[in-house]
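> could you work out the structure for the sequence below:
(one chain, ligands or ions: 2)
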Amino acid sequence: MSENFLLSLNDSQQDAATHIDGSLLILAGAGSGKTKTVTSRLAYLISIGIDPASILTLTFTNKAAREMRERAFSMIRDDMATMPLLCTFHKFGLLFLKFHMDRLGRKNNFVIIDTDDKKRILRSMNKELTTALVASEISKYKNSILTPEMAKKAAELKLYQQIADVYEKYENYLRENNLVDFDDLLLLPYKILSENTALAKETSEKYQYIMVDEYQDTNELQDKLLRTLCSTHNNLCVVGDDDQSIYGWRGATIKNILNFPQNFKDTKVVKLEKNYRSTHTILDHANQLIDHNRDRLGKKLEGTRQKGNSVKVYESHDENEETRKIAEDIHKLINSGESARDIAILFRVNALSRSLEEGFNKAKISYKLVGGMKFYERAEVKDLIAYFRVLTNKNDNFSFKRIVNKPKRGIGKTTVDKLDAHSNNSGVPIFKLIDNSTPEELAVIVGKKNARTLKVFIASILDLRDIIRESKMRFLDNFEDTFDFRASYDNVPDGVERQANIDEFYGYLRDYFISNGHLGLEDFLNEVALASEQDEMGNEAVSMMSIHASKGLEYKHLFIIGMEEGFFPLVGDGSDIEEERRLGYVSFTRAMDELTVSFVHSRFYKGKRASLLKSRFLSESGLVKGSLKIERSSGYKKGDLVKHKIFGMGRVQKIMKVGKESKLTINFGGTKRDILSSFVEKI
Ligand code: ATP
Ligand code: MG
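Ligands and ions are numbered 1, 2, ... in the order given. Predicted structure coming up:
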């Protein structure tokens with residue numbers, strides 16, 4: 001078999017792509033061909049006869065996985081009996097659980113809940129605590145492999161004791177209803193593997209070659225999972241860029257990539273030092289910006305492309321003027337023959353998309369908002385999903401409560417609460433409670449009329465369960481006839497739009513059944529639950545998205561809006577200036593040919609107009625002459641305790657920028673000295 005695809009790689013890329021056994025770290029800057037190298041390596045391994053089924057490639061988004069699959073499969077024969085598994089971490093976890101959930105004493109017809117469901121469940125358990133906080137703390141516990149018991153022990157503050165209590169209740173609820181959240185898709189496989197050595201060995205032997213793209217954004221749990229998967233071999237190839245680590249707030253730890261050579265013995269390290277994506281000019285500004293971060297490896301990244309146009313900086317009064325300028329540019333680009341799919345607008349804060357959307361609608365520019373209000377998050381679509389969940393899983397109280405009165409059938413909140421209380425006390429799911437009781441028994445709990453309605457409702461669902469087993473198509477027709485779900489939106493405000501969504505959903509499900517003959521409703525539900533931010537990307541439309549969603553992607557023409565202090569860098573609780581700067585670096589390096597950055601003097605935000613200063617990133621990247629004086633981040637702040645080899649311990653009193661370094665004024669037990677920051681250590 002010819003290996004022509006290797007010819008389009010440079011020497012270091014080839015070196016990495018043809019490395020077979022042993023651990024391999026590809027550490028390189030943006031646009032240096034990391035993803036290209038991984039996909040070529042996948043093709044190479046197959047071309048030399050390695051069984052495709054023994055290769056596992058993991059990445060972070062479905063969109064990235066799809067693109068990599070296309071790139072890799074175009075290089076290899078498409079008549080292979082088995083295809084290598086190339087998917088997201090979460091998808092891998094899902095597939096694993098489908099086979100092995102029984103090891104936890106649970107059935108494999110579990111249902112994945114989304115973030116919104118999770119919050120709803122948590123709110124129902126505790127109304128006093130801030131749900132978003134509880135949700136994120138629980139997520140952190142899970143990603144640090146802490147059980148509720150461990151979280152309780154570790155909690156010192158009352159707040160954290162309360163959160164740990166909710167965590168325990170939440171876990172019980174998930175288990176009782178056979179639900180799993182996103183974190184479980186990683187945590188449960190890890191748990192199963194660490195408790196079953198034989199299975200761990202077997203799984204590791206099955207996946208002889210493992211590759212991970214965007215490794216800088218893995219967290220502790222993902223790292224542990226990977227180590228377990230590699231327990232019988234050392235064939236792990238990871239690819240990443242410390243300067244693009246942007247999920248610190250979600251527990252990703254850059255340590256995974258920095259310590260990789262220590263954690264895996266005899267690691268071969270390959271550095272890629274040429275950027276093939278961006279013009280020299282764009283790359284130069286991106287490099288200037290990231291150079292202000294202190295905590296980095298400091299890799300080399302040289303451009304291979306021409307100088308290119310200068311980066312444009314737009315200064316506007318407000319967001320309307322900003323949008324007008326960008327819309328004009330986009331019209332010009334499209335009139336000159338550029339394709340809309342090569343154009344994107346990025347922002348740090350999602351809320352900034354609203355003014356763009358309005359402006360683009362007026363200017364008749366078709367756009368796709370990636371990661372905005374997703375189709376599957378619309379109420380009517382979630383209702384349908386809840387119906388289908390109940391159809392596949394009688395234990396799902398959560399979804400049952402959502403649909404029991406949709407469309408309206410006279411079942412009020414009090415009735416639902418009574419059923420819920422009964423179900424909680426007896427441990428029998430509501431569905432089964434109704435099914436197993438006689439109408440008279442049920443009437444004691446909810447009254448005669450409600451008992452009758454509930455019995456009829458349950459009977460319809462049981463009928464549909466039988467029908468779907470015989471014919472999925474007939475089920476679809478019967479579903480609407482049974483519940484008049486679509487019809488319930490006749491003659492209601494915005495009903496037309498909702499019915500259009502319902503039609504689209506039915507159509508989508510029909511297509512799914514047609515093209516996946518062997519798969520059922522449950523598979524569909526899982527697929528839907530994993531649909532990611534990057535999935536709804538359009539073809540002939542301009543893309544708008546958050547910088548987080550743009551990871552790994554590239555666009556010929558790129559606009560970044562909202563370059564203002566407070567918005568970008570985003571300043572708020574727990575914000576980390578170095579991570580903000582990495583986001584800046586990620587955003588600049590998405591651009592191939594042309595980059596425009598934009599800032600305004602004022603923006604309407606959260607109900608009022610705010611005056612804004614331009615972002616420090618503009619001067620740090622050399623785009624605007626230092627009109628804004630902000631200290632180069634040294635990682636030090638006033639009040640920090642530091643240690644000097646000779647002077648001992650002291651406290652920082654002042655920080656000043658000197659060339660590329662920071663000068664600290666430090667009080668060493670009463671004596672003030674000016675010391676360069678690189679000569680002291682933070683304690
Ligand atoms: P990111 O850090 O943003 O994920 P990356 O390092 O994964 O970037 P790729 O997306 O693989 O980079 O490649 C960036 C661009 O450079 C792509 O358009 C790719 O086709 C091109 N490219 C990579 N290597 C080469 C090469 N050796 N010759 C020509 N073009 C290349
Ligand atoms: Mg990449």
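> excluding chain neighbours, what is closest to whichever residue of the stretch 551-683 of the chain sits closest to ligand 2?
Proximity of the stretch 551-683 of the chain to ligand 2 (C-beta to the ion) peaks at residue 552, 4.3 Å away. (Glycine included, C-beta is placed from N, CA and C.) With sequence-adjacent residues excluded and distances taken as C-beta to C-beta, 6 or more residues apart in numbering, residue 552 is closest to residue 64, at 5.1 Å.
> with residue 334 instead?
Per C-beta to C-beta, 6+ apart, closest to residue 334 is residue 340, 6.2 Å.
> where does the stretch 551-683 of the chain have low pLDDT?
573-574, 626-634, 658-661 (pLDDT under 70).
> what are the ranges of the strands in it?
555-560, 591-600, 602-605, 608-611, 641-644, 648-658, 661-668, 671-676, 680-682 (DSSP state E, counting those that start in this stretch).
> kindly report the same for the stretch 301-450 of the chain.
Using DSSP E, counting those that start in this stretch, strands in the stretch 301-450 of the chain cover 302-303, 312-316, 343-347, 367-369.
> any idea which of these is most buried?
When these are scored by mean count of other C-beta atoms under 10 Å, the highest mean neighbour count falls to strand 343-347 (a mean of 25).
> sheet-wise, list the partners of it with their directions.
strand 542-546 (parallel), strand 555-560 (parallel) (DSSP bridges).
> buried residues, the last one. List them.
This means strand 555-560. 555, 557-560 (16 or more other C-beta atoms under 10 Å).
> just to revisit the earlier point, how close does the residue nearest to residue 334 sit to residue 66?
As for residue 340, its distance to residue 66 is 20 Å (criterion: C-beta to C-beta, to the nearest Å).
> neighbours of the residue of the stretch 551-683 of the chain closest to ligand 2, how many?
Residues near residue 552, counting by other C-beta atoms under 10 Å, number 21.
> setting aside sequence neighbours, what's the nearest residue to residue 468?
residue 475 (4.1 Å).
> so the one you found touches residue 466, yeah?
No: between residue 475 and residue 466 there is no contact under C-beta atoms under 8 Å: 9.4 Å.
> report the residue ranges of every domain in this structure.
4-94+187-272, 114-177, 281-374+535-620, 377-528, 641-682 (automatic domain parsing).
> any idea which of those gets closest to ligand 1?
Ligand 1 sits nearest to domain 4-94+187-272 of all those, at 2.8 Å, using C-beta to the nearest ligand atom.
> could you pick out the longest helix of the protein?
helix 448-470 (DSSP state H).
> give me the distance from that helix to the chain's centre.
On the basis of C-alpha atoms, centre = their mean, to the nearest Å, helix 448-470 sits 38 Å off its chain's mean C-alpha point.
> other SSEs contacting it?
helix 379-392, helix 430-436, helix 439-446, helix 472-483 (3 or more C-beta pairs under 8 Å, 6 or more residues apart in numbering; DSSP states H and E).
> hang on, the earlier thing: more neighbours, residue 475 and residue 466?
Legend: neighbour count by other C-beta under 10 Å for residue 475 and residue 466, higher for residue 475 (20 against 9).
> picking that back up, need the strands of the stretch 301-450 of the chain in JSON lines with mean pLDDT, can you?
Below are the strands of the stretch 301-450 of the chain laid out as JSON lines (pLDDT from 0 to 100):
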{"stretch": "strand 302-303", "mean pLDDT": "90"}
{"stretch": "strand 312-316", "mean pLDDT": "96"}
{"stretch": "strand 343-347", "mean pLDDT": "97"}
{"stretch": "strand 367-369", "mean pLDDT": "84"}
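> re earlier: would you reformat the strands paired with strand 343-347 as a markdown table and include distance to ligand 2?
Shown next, in a markdown table, are the strands paired with strand 343-347 (distance: least, C-beta to the ion, whole Å):
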| stretch | distance to ligand 2 |
| --- | --- |
| strand 542-546 | 16 |
| strand 555-560 | 14 |
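> residues of the stretch 101-250 of the chain that sit close to ligand 1?
For the stretch 101-250 of the chain, the residues in contact with ligand 1 (C-beta under 6 Å from any ligand atom) are 241, 244.
> close to ligand 2: what parts of this protein are there?
Residues of the chain found near ligand 2 (C-beta under 5 Å from the ion) are 34-35, 552.
> which of these are close to ligand 1?
Okay, of the residues of the chain next to ligand 2 touching ligand 1 (C-beta under 6 Å from any ligand atom), that's 34-35, 552.
> tell me the one of those residues nearest residue 437?
Distances from residue 437 to these, taken as C-beta to C-beta, are shortest for residue 552 (53.5 Å).
> dump the residue contacts of that closest one.
Residues counted as contacts of residue 552 (C-beta atoms under 8 Å, 6 or more residues apart in numbering) are 35, 59-61, 64, 213-214.
> on that earlier part again, more neighbours: which of residue 340 and residue 66?
residue 340 (20 against 15).
> so who does that one touch?
330, 334, 365-366, 540-542.
> can you tell me how far it sits from residue 561?
17 Å.
> any regions of the stretch 1-150 of the chain where pLDDT drops low?
Ranges of the stretch 1-150 of the chain meeting pLDDT under 70: 1-3, 77-81.
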